[in-house]
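> Sequence and predicted model, in that order:
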Amino acid sequence: MKIKHVIAIVALGILGASCSDDNDTIKLPEGDYANGILIANEGPFNNGTGTISFLQNDSTSVQASIYNAVNNEDLGNIVQSIAFTSDKAFIIANVSNKITVVDRYTFEKEASIETGLSNPRYMVIVDDKGYVTNWGDTGDETDDYVAIINLESNTVEGTIPVVLGPEAIVAKDNYVFVAHQGAFGTNNKVSVIDTDVQDVVATIAVGDNPSSMQLDASGDLWVLSTGDWGYVNEETTGSLWKINTSNFDVENSLVFTGMEHPSKLNIDDDKLYYSLSGGVFEMETAATTLPDTAFLTDVYPYGMVVNDGKLYITDAGDYVSNGSLIIYDIETVVSLETYTVGISPNGVYFN
């Protein structure tokens, strides 16, 4: 009886271990474009189409125009940005007023959203809705809005009017933060949209032309304002703002000296990164002053992303031929690899 009892216990233990292994198994994404980097290429400014390039992890070669390769059709002009759910990618073509929905790992087309958009720019996902910034008619300062996308039907189900030039967009919990860069004009606002009521519930004043935003590990929102370049209005310098996302108060602001125009804000762990005057700067999120010296010089990013200790910079070159993706190790400040991608690469996404 004792032997039978021990055997039964061992059998149950093996069975339990097997069941536990099955339950704990993580299903890895499947598809030719899983586990790599997607590069959004705007394409020619006046005609033609934007494209998506793909760099497989641990690969030395880039696959060009993967959407066309899979679907035998073009994305449209200009490929502005990409947003993601767990299994889908939403590719925004700004001039074509279109969002193409694909399986993010196979890149097979699932839908196309072409109604209810007007100069769409960037998108975030909150629950079962997508929120897309739209410039509207750039000659009309009163028709800008955020489109609400029903992710089940892939249609625009509503709009939220906002002030001039909605651009970068970030989501935290049930709030969506919209930076108003001003389209071809100038603005200095961040709108706060409550997705429970689908309306703007607060407006925060920041520096001129807020061009990029990032959330830090504490959930605070950092806004980088480029400043007005002075082509039409009086030139103003750039500034960096920290906003409490619980009460929407500005907790800190740092103004750049002289007339400087920083851009492309990123956060990795507890450090901020931005591009300025041919260099990339790094600062602690706890810092109270701006850094004086760039840690990387002689670079002019068209797009820039920092991720897991690496800096990804896209170079548009002459804007009519293929651009480049350059990857740097931040700790050693060494260029690791350079890849040829599509025309005017502006975004880097990790799949």
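Looks like it came in fine.
> The residue lying closest to residue 301 once chain neighbours are set aside and residue 174: what is the separation?
Distances taken as C-beta to C-beta, 6 or more residues apart in numbering put residue 313 closest to residue 301, at 4.5 Å, once the chain neighbours are dropped. (C-beta placed from N, C-alpha, C; glycine too.) In this view, residue 313 and residue 174 are 34 Å apart by C-beta to C-beta, to the nearest Å.
> Neighbour count: these two, which is higher?
Between residue 313 and residue 174, counted using other C-beta atoms under 10 Å, the more crowded position is residue 313 (25 against 12).
> which ones are touching the more buried one?
Contact partners of residue 313, counting by C-beta atoms under 8 Å, 6 or more residues apart in numbering, are 280, 299, 301, 303-304, 325-328.
> so which of these comes closest to residue 128?
residue 303 (29.2 Å; C-beta to C-beta).
> Beta-bridge partners for the closest one, please?
Note on residue 303: beta-bridge partners residue 314, judged by DSSP bridges.
> How about residue 145?
residue 134, residue 161.
> Looks like it contacts residue 135 (just checking).
No - the criterion here is C-beta atoms under 8 Å, and residue 145 misses it with residue 135 at 9.1 Å.
> Same drill for those two, tell me which one is more crowded.
It is residue 135, of residue 145 and residue 135, that has more neighbours when counted by other C-beta under 10 Å, with 22 against 19.
> check contacts around that one.
Contact analysis of residue 135 by C-beta under 8 Å, 6+ apart lists 118-119, 121, 144, 165-166, 183.
> Those residues: which two are farthest apart?
Farthest-apart pair in the contacts of residue 135 is 118 and 165; separation 13.1 Å (C-beta to C-beta).
> Comparing these two, which residue is more hemmed in?
The residue with more neighbours, out of residue 118 and residue 165, is residue 165; 25 against 16, by other C-beta under 10 Å.
> how near is that one to residue 180?
According to C-beta to C-beta, residue 165 stands 5 Å off from residue 180.
> Quick check: bridge partners of residue 172?
residue 175.
> shared neighbours of residue 145 and residue 135, which are they?
118, 166.
> before we move on, back to that, identify the contacts common to residue 165 and residue 180.
The contact sets of residue 165 and residue 180 overlap at residue 187 (C-beta under 8 Å, 6+ apart).
> Now flag whichever of the contacts of residue 313 is closest to residue 130.
Closest to residue 130, out of all of the contacts of residue 313 and judged by C-beta to C-beta, is residue 303, at 21.7 Å.
> Next up, the contacts around that closest one.
Residue 303 sits next to 264, 312-314, 345-348 when contact means C-beta under 8 Å, 6+ apart.
> 10 Å - rerun?
39-42, 264, 275, 312-316, 323, 325, 344-348 (C-beta atoms under 10 Å, 6 or more residues apart in numbering).
> ok, back up a step: hey, what's in contact with both of residue 118 and residue 165?
135-136, 138, 144.
> Widest-spaced pair of these?
Using C-beta to C-beta, the pair of those lying farthest apart is 138 and 144, separated by 9.4 Å.
> between these two, who's got more neighbours?
A count of neighbours by other C-beta under 10 Å puts residue 144 above the other of residue 138 and residue 144, at 26 against 15.
> I'd like to know how far the more buried one sits from residue 248.
Taking C-beta to C-beta, one finds residue 144 at 20 Å from residue 248.
> same question, residue 240
Using C-beta to C-beta, one gets 17 Å for the distance from residue 240 to residue 248.
> neighbour count winner among the two?
Neighbour comparison, residue 240 and residue 248: the larger count goes to residue 240, with 22 against 16 (by other C-beta under 10 Å).
> That one contacts residue 265, doesn't it?
Yes - using C-beta atoms under 10 Å, residue 240 makes contact with residue 265 at a distance of 7.8 Å.
> quick one: common contacting residues for the two?
Here residue 240 and residue 265 have 222-225, 272, 274 as joint contacts, going by C-beta under 10 Å, 6+ apart.
> hang on, the earlier thing: which one of the shared contacts of residue 118 and residue 165 is nearest residue 55?
For those, the nearest to residue 55 is residue 135 (30.6 Å; C-beta to C-beta).
> Distance of the closest residue to that closest one other than its chain neighbours relative to residue 84?
Closest residue to residue 135 apart from its sequence neighbours, by C-beta to C-beta, 6+ apart: residue 119 at 3.7 Å. Noted for residue 119: a distance of 22 Å to residue 84, by C-beta to C-beta.
> Drop anything exposed from the shared contacts of residue 240 and residue 265.
Buried members of those, scored by 16 or more other C-beta atoms under 10 Å, are 222-225, 272, 274.
> which ones among the residues you listed are found in strands?
222-225, 272, 274 (DSSP state E).
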